[in-house]
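Would you be able to build a 3D model of this:
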Amino acid sequence: MDEISKLMIVEDSPRARWALKALISQQAGIIVTAEASNGEEAIRNIEKQVPDIVLMDVQMPVMNGLEATRIIKQKWPQIKVVVLTMYPDYQTDMVPAGVDAFLLKGCPAEEITGSIHRLLRGN
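Numbering: from 1, shown residues only. Modelled structure (predicted):
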């Protein structure tokens, strides 16, 4: 039996969250179990239910994705974090913070879903 993977979307734009949820909901074996509009809300959600993977924006109010990724990787190192941002310059900060994949907004949808599937398979 294939295991269902749990994914959380962390993105301050409701429209972007909706679009990402629609995209990911079409993927076999992955369900979106939580959403958050900033890093602080993401941490609170993870404390209640730990996802397998987090799709993380960087620029957000309250707590940005860089800080949230550092906390997630410190407390829950098994969680995979995929950053999806408009700002390529953040890659130099996000990689040392422990991010597992770094994608730019506007990349093909297959790049997002492919990265998620590769990380869930352990690649």
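
So the residue nearest the centre of the chain: helix, strand or coil?
Geometric centre of the chain, nearest residue: Leu55, 1.3 Å, by CA atoms, centre = their mean. Secondary structure for Leu55, judged by DSSP: H, G, I helix; E, B strand; the rest coil, is strand.

in this structure, which ranges drop under the pLDDT threshold?
Segments of the chain classed as low confidence (criterion: pLDDT under 70) are 1-2, 123.

Now do the helices in it.
Remark: helices of the chain, listed N- to C-terminal, are 14-25, 39-48, 65-75, 91-97, 109-121; assignment by DSSP state H.

Between those helices, which one is closest to Leu103.
helix 109-121 (6.0 Å; CB to CB). Where you see a C-beta, it was placed from the backbone N, CA and C, and this is true even at glycine.

Using neighbour counts, pick out the buried residues of that closest one.
Under the neighbour-count criterion of 16 or more other CB atoms under 10 Å, helix 109-121 has Ile112, Ser115, Ile116, His117, Leu119, Leu120 buried.
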